[in-house]
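*Asks:* sequence-free structure coming up:
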């Protein structure tokens, strides 16, 4: 079979919660995690809390995002005021199709990371994630790509997480009804 005729596997459905703390000064804080090195997908990477949609456990993709946020960082569904969804985002290397949902969390909420899945939970002002851009190189299918990134003390934000952050920056006024 020629390369152009290869069957593309069905993507793995996943959902993430984009926890957002609204600050009076307008510099809203995005909550991110550094994934444990013990997880099977994307170990050590900076990500939003989330994971696979489980047909036997989740009624919907938003339910999956809320379940995963509760399991990973101790954020119960009642602690989140959902604002809405962003556009789906696909990962190239692991074939996930991610549905991101934005939710407001009260300022000062104390996250409880699940050690087996999350090494660290931290907040970063959205303005910083939008302005402090650099590039990194990553290899995929034998080719090296230069990709946008943000370097943080906890690690590098890039790929699907950064694309979701970019969407958040564009869509936040709509989600907030401004």
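*Replies:* Done, it's in. Model, not experiment: these values are computed from the prediction.
*Asks:* Within the helices and strands, which one has residue 75?
*Replies:* Here residue 75 is covered by no helix or strand, with elements defined by DSSP states H and E.
*Asks:* What is the linear distance spanned by stretch 47-65 between its boundary residues?
*Replies:* When the termini of stretch 47-65 are compared using CA to CA, to the nearest Å, they are 13 Å apart.
*Asks:* which of the residues in that stretch are buried?
*Replies:* Neighbour counts over stretch 47-65 (16 or more other CB atoms under 10 Å) mark 47, 48, 49, 50, 51, 53, 58, 61, 62, 63, 64, 65 as buried. Every C-beta, even on glycine, is put in place using the N, C-alpha and C of the backbone.
*Asks:* Stretch 133-146 now?
*Replies:* In stretch 133-146, counting by 16+ other CB under 10 Å, buried: nothing.
*Asks:* Check stretch 92-104 too.
*Replies:* Applying a neighbour-count criterion of 16+ other CB under 10 Å, one finds 96, 97, 98, 99, 100, 101, 102, 103, 104 buried in stretch 92-104.
*Asks:* Counting by contacts, list what the helix or strand encompassing the fifth one packs against.
*Replies:* Assigning secondary structure by DSSP H and E places residue 100 in strand 96-105. In this structure, strand 96-105 packs against strand 12-21, helix 61-73, strand 80-85, strand 89-90, helix 159-175, with contacts taken as 3 or more CB pairs under 8 Å, 6 or more residues apart in numbering; DSSP states H and E.
*Asks:* rewinding a little: which one of the buried residues of stretch 47-65 sits closest to residue 92?
*Replies:* Closest approach between the buried residues of stretch 47-65 and residue 92, by CB to CB: residue 47, at 15.2 Å.
*Asks:* any idea which of the buried residues of stretch 47-65 is closest to residue 131?
*Replies:* Closest approach between these and residue 131, by CB to CB: residue 48, at 19.7 Å.
*Asks:* Tell me the bridge partners for the closest residue to the closest one other than its chain neighbours.
*Replies:* Distances taken as CB to CB, 6 or more residues apart in numbering place residue 16 nearest to residue 48, at 3.9 Å, with adjacent residues excluded. Taking DSSP bridges as the rule, residue 16 bridges to residue 50, residue 100.
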